[in-house]
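[1] Test case, fold it:
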Amino acid sequence: MPTTRRNILDRLRDKRSQGLPIIGGGAGTGISAKCEEAGGIDLIVI
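    Reported below is the predicted structural model:
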């Protein structure tokens with residue numbers, strides 16, 4: 001099942017309410033994005 005906008009926002013709001021940082025990074029659609037995702041990044045700007 002695809003991730004919905006609602007699921008993404010709920011996950012980010014949950015992290016914020018716990019006082020955890022939301023980590024974002026920029027990448028293309030290739031290996032950089034795959035590595036960031038594997039590393040646990042919260043938000044990828046393409």
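[2] average model confidence for whichever helix in the chain runs longest?
    Under DSSP state H, the helix in the chain containing the largest number of residues is helix 5-17. Taken as a whole, helix 5-17 has an average pLDDT of 96.
[3] after that helix, next one along is what?
    Once helix 5-17 ends, the next helix or strand along the chain (criterion: DSSP states H and E) is strand 24-26.
[4] returning to what we had before: which secondary structure elements does the longest helix of the chain contact?
    Contact partners of helix 5-17 among helices and strands, from 3 or more CB pairs under 8 Å, 6 or more residues apart in numbering; DSSP states H and E: none. No exception for glycine: its C-beta is placed from N, CA and C like everyone else's.
[5] Excluding sequence neighbours, find me the nearest residue to residue 37.
    Distances taken as CB to CB, 6 or more residues apart in numbering place residue 44 nearest to residue 37, at 7.0 Å, with adjacent residues excluded.
[6] Secondary structure element for the one you found, which one?
    Counting by DSSP H and E, the element that carries residue 44 is strand 43-45.
[7] Which strands border that strand, and is each parallel or antiparallel?
    Within its sheet, strand 43-45 is paired with strand 24-26 (parallel), according to DSSP bridges.
[8] Give me the residues contacting the partner strand.
    36, 41, 42, 43, 44, 45, 46 (CB atoms under 8 Å, 6 or more residues apart in numbering).
[9] any idea how far the residue lying farthest from the centre of the chain is from residue 7?
    Computed with CA atoms, centre = their mean, the residue of the chain farthest from its C-alpha average is residue 1, at 17.1 Å. Counting by CB to CB, to the nearest Å, the separation of residue 1 from residue 7 is 9 Å.
[10] Just put the contacts of strand 24-26 in CSV and tack on distance to residue 11 and pLDDT.
    Compiled in CSV, the contacts of strand 24-26 are given as follows (distance: CB to CB, whole Å; pLDDT from 0 to 100):
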residue, distance to residue 11, pLDDT
36, 16, 95
41, 12, 96
42, 8, 95
43, 10, 93
44, 14, 92
45, 17, 93
46, 19, 88
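[11] thinking again about what came up before, buried ones in the longest helix of the chain?
    For helix 5-17, a neighbour-count test (16 or more other CB atoms under 10 Å) marks nothing as buried.
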